[in-house]
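Chemist: Here's my sequence, what's the structure:
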Amino acid sequence: MDQHQIETELEFKAVRSSGPGGQHANKTSTKVELSFHVENSNGLSEAEKGRIQRKLENRINREGFLKMSSEDSRSQHSNREIVIHNFLELIKSALKRQKPRKKTKPSRASKLKRLHSKKKRSEIKANRRDPLK
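Modeler: Predicted coordinates for the structure are as follows:
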């Protein structure tokens with residue numbers, strides 16, 4: 001993954017932010033929308049593109065664009081930095097390989113401990129019963 005190359009391929013669009021904010025929100029475009037075409041990227045290898053498309057398939061639209069947006073800040077510049085940071089974190093997490101899970105068995109001591117606690121619990125419940133029955 002070539003991070004610098006990917007950053008040059010990002011497309012940004014500034015739109016009006018939703019929610020409260022009064023006059024400032026009504027006249028300025030502070031929300032930043034980022035779009036990134038996964039297939040046409042030169043910063044990713046073919047294997048990385050496949051992995052990203054598999055892991056982020058629900059976030060990629062029919063045209064092949066991965067879209068994200070940020071409207072956390074009142075500043076367009078801050079929102080741009082935030083959305084770039086979030087995008088890079090998302091890509092890095094999608095490219096990270098998970099360790100294969102190793103199957104384990106419970107130890108002999110843990111089995112005995114479990115059986116002992118079950119036996120003790122059943123004795124407690126048995127002692128609650130009426131002895132005449």
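Chemist: low-scoring stretches of this protein, by residue?
Modeler: Along the chain, the parts satisfying pLDDT under 70 run over 19-21, 25, 133.
Chemist: wait, what's in contact with the spatially most central residue of it?
Modeler: Closest residue to the average C-alpha location of the chain: L90 at 6.7 Å, with C-alpha atoms, centre = their mean. The neighbours of L90, taking C-beta atoms under 8 Å, 6 or more residues apart in numbering as the test, are L56, R59, M68. Just so you know, the C-beta spots here come from the backbone N, C-alpha and C atoms, and that holds for glycine as well.
Chemist: Of those, which is the most crowded?
Modeler: Ranked by the number of neighbours (other C-beta atoms under 10 Å), these place M68 first, at 17 neighbours.
Chemist: My guess is it contacts I82. True?
Modeler: No: checked against C-beta atoms under 8 Å, the pair M68 and I82 is beyond contact range at 9.8 Å.
Chemist: The residue nearest to the centre of the chain should be in a helix, yeah?
Modeler: Yes: applying DSSP: H, G, I helix; E, B strand; the rest coil, one finds L90 inside a helix.
Chemist: rewinding a little: where strands are concerned, which of the contacts of L90 count?
Modeler: Mapping the contacts of L90 onto strands (DSSP state E) picks out M68.
Chemist: Throw the contacts of L90 into JSON lines and include distance to L132, thanks.
Modeler: Below are the contacts of L90 laid out as JSON lines (distance: C-beta to C-beta, whole Å):
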{"residue": "L56", "distance to L132": "68"}
{"residue": "R59", "distance to L132": "68"}
{"residue": "M68", "distance to L132": "72"}
